[in-house]
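Undergrad: the sequence and its predicted three-dimensional model are supplied below.
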Amino acid sequence: MAYGLLEKHKVIAPAVPVERIAKQEGARIQFGPLDNELSGMVFFKDSVPIIGVNSLHHPNRQRFTIAHELGHLMLHRTKIETGVHVDKELAVLRRDALAGKGIDPIEMEANQFAALLLVPDVLLEQTVPSSRHLDDEQIEALAKRFKVSTVTMQFRLQRWLEKS
Ligand SMILES: [Zn+2]
């Protein structure tokens, strides 16, 4: 599903313009200061989906939050239509959360959607050196280029290298 979005919005190079994609999918994005432990939220107002983002967080993290909430909109619309879905820090940041250990399956799905949207295979293929042996510096450089956290980049690289 994340890949379908990339094709539809003609994304051919990193960093994935997640804010533009979310808007073009009909969401309104509101940036504002929230408690540090809150990443963001998604809810409907007059049938318009609103994504709230904690503007105090690092820009990369805000991008992940938008992608995560967009994941809820695409995958769990009927579940979130009835109220405000609020996301706390730990659910979306930690590596075990990305891997889906010990968290709500819908959060796991939204995290995986976000990771795949922000760091899709097709863009990794273009950007990862052919040797595929990456040191920490290279991983950091890739994370910068994709505008994601190092944790997200490591998680995606690991999955991608296992697959190929
Ligand atoms: Zn969530």
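TA: Okay, I see it.

Undergrad: wait, a strand at residue 41?
TA: Yes. Counting by DSSP: H, G, I helix; E, B strand; the rest coil, residue 41 is part of a strand.

Undergrad: and this protein, which of its residues are near the ion?
TA: Listed as neighbours of the ion in the chain under the rule CB under 5 Å from the ion: 87, 107, 110. Backbone N, C-alpha and C define where each C-beta goes, glycine included.

Undergrad: excluding chain neighbours, what is closest to the first one?
TA: The shortest distance from residue 87 to any residue that is not its chain neighbour, by CB to CB, 6 or more residues apart in numbering, is 4.7 Å, and that residue is residue 39.

Undergrad: re earlier: show me the residues of the chain next to the ion that map onto strands.
TA: Cross-referencing those against strands under DSSP state E gives residue 87.

Undergrad: just give me the longest helix of this protein.
TA: Identified as the longest helix of the chain according to DSSP state H is helix 59-75.

Undergrad: of all of this protein, which residue lies closest to the ion?
TA: Residue nearest to the ion within the chain: residue 87 (4.1 Å; CB to the ion).

Undergrad: ok, that residue touching residue 40?
TA: Yes. With contacts counted by CB atoms under 8 Å, residue 87 reaches residue 40, the gap being 5.4 Å.

Undergrad: and these two? which has more neighbours close in?
TA: Neighbour totals were compared for residue 87 and residue 40, and residue 40 leads with 27 against 23 (other CB atoms under 10 Å).

Undergrad: next one, pLDDT for that one please.
TA: You'll see residue 40 listed with a pLDDT of 95.

Undergrad: count the residues that sit near residue 76.
TA: Number of residues near residue 76 (other CB under 10 Å) recorded here: 18.

Undergrad: okay, the residue sitting furthest away from the middle of the chain: pLDDT?
TA: Ranked by distance from the centre of the chain (CA atoms, centre = their mean), the top residue is residue 131, with 26.9 Å. For residue 131, the pLDDT comes out at 75.

Undergrad: quick one: it is in a helix?
TA: No. Going by three-state DSSP, the assignment for residue 131 is coil, not a helix.

Undergrad: can you offset everything so residue one is 34?
TA: Noted, 34 is the first residue going forward, which turns the last one into residue 164.

Undergrad: hang on, the earlier thing: could you list every helix and strand in contact with the longest helix of the chain?
TA: The contact analysis (3 or more CB pairs under 8 Å, 6 or more residues apart in numbering; DSSP states H and E) places helix 92-108 against helix 51-57, strand 71-78, strand 81-87, helix 110-113, strand 118-121, helix 122-126, helix 138-151.
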